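Asker: Model the structure of this input:
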Amino acid sequence: MASKKLTTGDSLTGLLVDGIAGTPYVSALLTYDALAGVSLEVPYISEGVEQFSSVSQWARDMKPPSNLLFLSDRQSITLYGCRVTSTRETLFGNNISTVKITPREVVLKDRDGDHSDDLKVVELRSQLDGLAEWTRFGVIQSEVETGPDGLTKKLTVEVESKDPVTWKVGEVTFSLQSTWGSVKNDLGSEIHEGVNLHTTFDEPRSCSEHLVEQRKFISLLALIYGTAVSFRHHDVRDSRFRALKNAEGEFYTPFYELLSGETISDFEREVKPKQFERPLSKFSQLGKDGLARWFDSYDEWERVIQPVAGTLQRPLSYMEDHVVNACIGLEAAGQIIEHVVGEESTYRGKNPILATYIYRCLATVELKHDGIAISRIAMARGIAKIYNDTKHYDRFDYPPGEHSYVIGKLALLTARLLSLRLFGVESVTNSNREVTESLRQVREYMEMLGLLIDDKGKFADSADVSISGASTEQF
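Answerer: Model (predicted):
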């Protein structure tokens, strides 16, 4: 039975198999909702009919078999981690009740072996936002031949998959693999290319374990692009799913589509125009060795990465979210980074404080302060002050929105730039398009407001700010 893709809004009727010998098959309705994912509705007669005794027991105990097999005239679908999410019991009239079951994971294929085994796979393949734009593998090459009149006479298009980029960290092997496909229409053919992220373990692992590793890559792309990055598709490959024979008569294990409750809501997220046009860096600048270093350093830098990537992943986060989450990351990073020249000016007595940690980050990424603050130390104090004023309950009113906007932009940009240190890139030039554009926006906004961050870290009238003298106020 050939596997076909499930699309949102699909409804299939079929038979449900629980894998227990002697248990009758029962009818079920499988639906696929954009937000809720895949669910099953199973009708049954709650009293006096042996055929439905197992389903009736599921409803009473709120515990169906963990794994179920759904058979339809269209395809076989295996469902894992099943749980009862609602029941509707009718005791009068026709006595037909319904139990609703929601799986944790769904694979569009039946599986060999023990029906009750948890879903574990050797390899998980995923499509991610922005990955093809970042890697620029370029599987499509074209050559144009023009005639004497300057018009195109011949167009030659060559499509060839590139060698995968592979690296290993601990027990998991990561791989970036190019892919392409063509679609014919009335006017010819359309060719599209992409790049998939693969994770492979030596022994089968749960899909959740694969996704934990792949989310590290999601965080990386979110930091590089400064925006939310979503999963768009998953496939799994494992010897438990039946092998096929190719044209040469050789057997191979194909990929089969996976729907996971952990990522199903990602699939419907809207991608904004030009969302992935301005990365902080390109894959060609960092390479396979840089990726390996990034993943090797992840555990040490997790308290820097997660708060910042987390706020970028929330499309409706507030300015105050940006301030707090980015500064949590900067505070952590400042304690990982060693002493930098000039930081003593931020100390309280002889001890480093929050402004010190933020200054270390600003100095490390060499962020320019002109038009925003009178010095890099002033900028560090300004970020620390708005962060403290936002998070402490006894500071009364929140900082003005204009101030939070500026500090949120600066703190997020600094934290994103710091992420490149994990590649072994010690600094990023301020001529980088994303950096210069972000700083230009902040600089013009401050000019419009007529403000500048003074040596105390306060937003002050730019006409009144003196660049001489040192502040003793600490943050």
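
Asker: quick check, His233 in a strand?
Answerer: Yes: counting by DSSP: H, G, I helix; E, B strand; the rest coil, His233 is part of a strand.

Asker: Break down the stretch 351-475 of the chain into its strands, ranges please.
Answerer: With DSSP state E, counting those that start in this stretch as the definition, the stretch 351-475 of the chain shows strands at residue ranges 451-453, 459-461.

Asker: Give me the buried positions along stretch 434-443.
Answerer: Buried residues in stretch 434-443, counted by 16 or more other C-beta atoms under 10 Å: Glu434, Val435, Ser438, Leu439, Val442, Arg443. (Each C-beta comes from the backbone N, C-alpha and C, glycine too.)

Asker: which residues touch the fifth one?
Answerer: For Val442, the residues meeting the contact criterion (C-beta atoms under 8 Å, 6 or more residues apart in numbering) are Ile372, Val406, Lys409, Leu410.

Asker: ok, now with 6 Å
Answerer: Ile372, Val406, Lys409 (C-beta atoms under 6 Å, 6 or more residues apart in numbering).

Asker: who wins for neighbours among these?
Answerer: The most crowded member of the contacts of Val442, judged by other C-beta atoms under 10 Å, is Val406 (28 neighbours).

Asker: distance of it from Glu366?
Answerer: 19 Å (C-beta to C-beta, to the nearest Å).

Asker: Kindly report the same for Gln313.
Answerer: 27 Å.

Asker: likewise Ser281?
Answerer: The gap separating Ser281 from Glu366 is 15 Å, by C-beta to C-beta.

Asker: Between those two, tell me which one has more neighbours.
Answerer: Ranked by neighbour count (other C-beta under 10 Å), Ser281 and Glu366 place Ser281 first, with 18 against 14.

Asker: And what about that one, helix, strand or coil?
Answerer: Applying three-state DSSP to Ser281 yields a three-state assignment of coil.

Asker: Against Asp289, how distant is it?
Answerer: When Ser281 is compared with Asp289 (using C-beta to C-beta), they lie 14 Å apart.

Asker: again with Val465
Answerer: Applying C-beta to C-beta, the value for Val465 to Asp289 is 45 Å.

Asker: Of these two, give the one with the bigger neighbour count.
Answerer: Set side by side, Val465 and Asp289 show unequal neighbour counts under other C-beta under 10 Å, the larger going to Val465 at 17 against 11.

Asker: wait, isn't the more buried one in contact with Asp454?
Answerer: Yes: applying C-beta atoms under 6 Å as the test, Val465 and Asp454 come out as touching, 4.8 Å apart.

Asker: How far off centre is stretch 362-374?
Answerer: Distance, stretch centre to chain centre, for stretch 362-374: 29 Å (C-alpha atoms, centre = their mean, to the nearest Å).
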